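model this:
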Amino acid sequence: MRIGVVTFPGSLDDSDAARAVRYAGAEPVPLWHADRDLRGVDAVVLPGGFSYGDYLRCGAIARFSPVMTELVPAARHGLPVLGICNGFQILCEAHLLPGALTRNARLRFIHADVRLTVCDASTPWTRGYDEGQKLVIPIKNGEGAYVADDATLDELERAGRVIARYADGAPNGSSRDIAGVRNEAGNVVGLMPHPEHAIDPLTGPSADGLGFFTSVVQAFAGAGAGAAQ
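Sure thing, here's the model as predicted:
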């Protein structure tokens, strides 16, 4: 499986995301923000960082980059896409996910290991987990508070589109303790914590984040097996 990892000017965690892809047994494919070709990848990761310096709003400029003109229609046609932190912000700005990410409560940058509860194990990015499973994964954000109007939040709850919550309450003030959401089809997932920093206990607080990457590899293998039958 080939998983594209997009680098925008200001991306910080693209190399970590590529490392996580390799740990999961897939081939990371570097994609540059100015690329107009996704190079035939089977999935894409939008990593964390400060794309285009976070000018205007986080992700607001990145949504107009050439690579996104290819990614948005591909995602709407089923390409698995995972947006982590700044990548989550970009997915919201591109209207692939509802809501927005705003300044943290008390306007402070937060860097901590947090416990998450998996709420939806049906997506290509979460199928390796069990619903209700607890994970320990780092967060590092200044604008990580997920917000949406009550009607949108109610619909996300009703449709089971919240994929993870902060188990001990959202340290950044996210509505309803939401840490990640998915689109209606389930192929596009946004997550504020950083699973790529929790793939090996030697370098992170746990290996709990690796499942996001092994999940999509398993989903791809299962789809291939189904097509071969």
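
Name whatever forms a beta bridge with the residue most central in space within the chain.
Geometric centre of the chain, nearest residue: residue 83, 2.9 Å, by Cα atoms, centre = their mean. On the basis of DSSP bridges, residue 83 takes part in beta bridges with residue 46, residue 190.

my guess is it contacts residue 90, does it?
Yes - Residue 83 is within contact range of residue 90, at 5.9 Å (criterion: Cβ atoms under 8 Å). Every residue, glycine included, has its C-beta placed from N, CA and C.

what sits in contact with each of these two?
Taking Cβ atoms under 8 Å, 6 or more residues apart in numbering as the contact rule, residue 83 and residue 90 both touch residue 46.

Please export the alpha-carbon coordinates of whichever strand or helix holds residue 5; CSV is fine.
Taking DSSP states H and E as the criterion, the element that holds residue 5 is strand 2-7. What follows is strand 2-7 as a C-alpha-only set of coordinates in CSV (Å, rounded to 0.1, in the frame of the first residue of the first chain):
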residue,chain,number,x,y,z
ARG,A,2,1.2,3.5,-0.9
ILE,A,3,0.2,6.3,1.5
GLY,A,4,0.8,9.9,0.5
VAL,A,5,2.1,12.3,3.1
VAL,A,6,1.6,16.0,2.1
THR,A,7,4.2,18.6,3.0
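
tell me the mean pLDDT over it?
Averaging pLDDT along strand 2-7 gives 98.

quick one: the helix or strand just after it to strand 2-7, angle?
Following strand 2-7 in sequence order, the next helix or strand is helix 14-23 (DSSP H and E). Angle, helix 14-23 to strand 2-7, by axes from the mean of the first three to the mean of the last three Cα atoms, to 10 degrees: 170 degrees.

quick revisit: what pairs with the strand holding residue 5, parallel or antiparallel?
Each strand that pairs with strand 2-7, with its direction, by DSSP bridges: strand 27-32 (parallel), strand 43-46 (parallel).
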